[in-house]
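# all I have is the shape, not the residue letters:
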RNA sequence: GCCUCAAUAGCUCAGACGGUUAGAGCGACGGACUGUUAAUCCGCAGGUCGUAGGUUCGAUUCCUACUUGAGGCGCCA
C-alpha cells in the first residue's frame, strides 16, 4: 500500500478506488451514532486536511479511535473514495488505523483546537507548527526561499556561501556578537592587562557576521553575478515587530552594474517571488486573507502587475514637506527619514512599494558610490507598505581613491579592510547589490505582522529558548 | 537602550472605589443527536488572581521592587 501525502491525495493525481496510506496528526474527530467517526488528518504537506471515515467495526475503534484528540499521531490505511459529505472532494474509507502517539492530558495540551494568540504560540514554539497559522507561514517561507533561488539561478547568478564568522568589526551594520573560546571567567592577559585575543581561537577578535556583502563582493569580481543567502546576526537591543538577532538575508551582487540595474533586479526578484506565492500557496494565502488581513491577496496581485514607484530621496523629502502633514520628527534635506516619514510616503502618498534612491552620503555606509553632486550616494531602499524597509542596497564605490578617502573620513581603518580595498586596485569594476530581509518579505506577503512568527525559533533580546 | 501598557481557570478576557462562596466564552471531560466537518444541544470539573516585600484589623484589588510578555521609538533587513 503506497504512502501518499495529503497534498498528493488532494491533487487528483491518485485515482479514486486506490488503496492508500496517510500519516499525520489529528486535527479533529467527530463521532456519529451511525457507527462511524470522522477524523480529519493533517500532515503539513498542504493547507488542506484529509478526512478519514472510520467505522466502528475496526478492532481498535473503542480503545483507540474514540480516544483520539487533536495532534495524536496516526498511520491510516484505506481506500480513497469520493466524499459522500460536502466540504471535501475526497476522503479515505479507513481499513486500519494505527496510533503511534496519543496526546497526554488534552485539557492542558498547549495547541488545543481553538484560536490562540501569536504571543501564546511563541511561548510554545516547538508545538506551534501544528497550527494553521504557523504552518501556512512556514510553507510560504519555503516558497519564498525557493522562488528567490529560482529567479537568481535562472538569471545566471551563483550562490556563494560566505562565512558566518568574521574578523572585521567595521561592516557598519550594527552591533556584533563576539565569537570566542577564551575562558570568560579567567581570560589570558597581555602586558597591558588587556584580554589577549592572540590566544583566542582565531588569534584575533572575531564575530558573527552582520552581512555577507563585503565578502560576496569579492566573488562578484570574478563570477559576475552572485548572491548570498543565509543567516545573519545583529546584537542590537532592538525590540520591535521587525527585528531579530538572527535572521535570514539574501544579498545579490552584480558586476558591471549601476543603481538602476540594481533596482530592476530587486523589483524583478520581488515580483517573481510574489507571483510564485500566489500560484503555489493560494490556500495558505486564502487563510491569511480570511483571518489576518483581507487585502493580502489583492495587494500581491497589484504588486505583480504594477511597477514599483521610484523616487529620489530629494523628491521624497519635497513631497513629504508639501504634503502638509505634521510629523513628530524633524524633516529637512539631509535628515535620515524616521519610520513615520517612510510609512507616510509609501503608505499614504504613494500606496505601493517604493524605491527611494540617492540618499545624502552622510547617513549612508562608507562603501556606497558617491554621485557627481558630491552630496549624495547611489543608495536605494525599498519600502513596503505596512512593514517599512525590506530592501537596502547601493551601487558600490569602485574608485580606490574615493573609497579610501571615505573610509578615513568615517574613521574606518583602511588596513583592516585591505582585502576589500584590493578589489579596487586589481581590475576594479562598477558593481551594485542589495540585501533583502527574508522575514520582512514573508511578513509583508502574509500580513503576519511580527517577524518572530515568521522564523521557526526567533532569537530576540533575552530570548533564545528552544 | 528609551517610553507606554499588561500579568485573574488549559486559552482569551471580565471583575471587585480593600471585606464572606472570583465570573463568562472557548478548550477539555461526560451525555443527547447527527454522513459529520470551527457541528449542534445539555451537563460537569477546573483558580496560591506573575514573584517578593510594604500599608491595613483584613490585599487578588492600593504602594514599591523584580520577573515575564506586548506595542511604539531608535538601530536596520
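In hand now; what should we look at? Small disclaimer: the values here were computed from a predicted structure and weren't measured.

# mind listing what's buried along stretch A:155-163?
By neighbour count with 16 or more other Cβ atoms under 10 Å, stretch A:155-163 contains the buried residues A:157, A:160, A:162. Quick note: C-beta positions are derived from backbone N, CA and C, even for glycine.

# wait, the first one touches residue A:228, no?
This means residue A:157. No. With contacts counted by Cβ atoms under 8 Å, residue A:157 stays clear of residue A:228, the gap being 10.5 Å.

# circling back: and of the buried residues of stretch A:155-163, the nearest to residue A:204?
For these, the closest approach to residue A:204 (Cβ to Cβ) belongs to residue A:162, at 18.6 Å.

# check what pLDDT the closest one gets.
If you check residue A:162, the pLDDT there is 96.

# do the same with residue A:250
According to the model's per-residue confidence, residue A:250 sits at a pLDDT of 97.

# quick one: contacts of stretch A:236-250?
Counting by Cβ atoms under 8 Å, 6 or more residues apart in numbering, stretch A:236-250 makes contact with A:145, A:148, A:174-175, A:177, A:211-212, A:227-235, A:387-388, A:435-440, A:443, A:449-452, A:455, A:458-461, all of which sit outside it.

# of those, which belong to helices?
When these are checked against helices using DSSP state H, the ones located there are A:145, A:148, A:438, A:439, A:440, A:443.

# which of those residues are buried?
Judged by neighbour count, with 16+ other Cβ under 10 Å as the criterion, the buried members of the ones in helices among the contacts of stretch A:236-250 are A:145, A:148, A:438, A:439, A:440, A:443.

# and RNA strand B, which of the residues you listed contact it?
When Cβ under 7 Å from any atom of the strand is applied, the members of those adjacent to RNA strand B are A:439, A:440.

# check the buried ones among the ones in helices among the contacts of stretch A:236-250 and tell me the two furthest apart.
For these, the farthest-apart pair by Cβ to Cβ is A:148 and A:443; their separation is 15.3 Å.

# looks to me like residue A:408 is in a helix.
Yes. Note on residue A:408: a helix contains this position according to DSSP: H, G, I helix; E, B strand; the rest coil.

# which ones are touching it?
With Cβ under 8 Å, 6+ apart, residue A:408 has these contacts: residue A:414.

# wait, what's in contact with residue A:303?
Shown here is residue A:303, whose contacts under the criterion Cβ under 8 Å, 6+ apart are A:270, A:271, A:274, A:352, A:353.

# if I look at residue A:412, how far off is residue A:141?
Distance of residue A:412 to residue A:141, computed by Cβ to Cβ, to the nearest Å: 35 Å.

# apologies, that question was intended for residue A:9.
24 Å.

# higher neighbour count, those two?
Here residue A:9 and residue A:141 are compared on neighbour count by other Cβ atoms under 10 Å; more neighbours surround residue A:9, at 24 against 20.

# what about that one, helix or strand, and which?
Element membership for residue A:9 (DSSP states H and E) is helix A:6-10.

# what do you get for residue A:214?
Taking DSSP H and E as the criterion, residue A:214 maps to helix A:213-223.

# ok, is that helix in contact with RNA strand B or not?
No. Contact between helix A:213-223 and RNA strand B, assessed by Cβ under 7 Å from any atom of the strand, is absent, since the two come no nearer than 8.1 Å.

# A strand includes residue A:357, no?
Yes. With the criterion set as three-state DSSP, the secondary structure at residue A:357 is a strand.

# ignoring the adjacent residues along the chain, who's closest to residue A:67?
Spatial nearest neighbour of residue A:67, excluding adjacent residues (Cβ to Cβ, 6 or more residues apart in numbering): residue A:102 at 6.8 Å.
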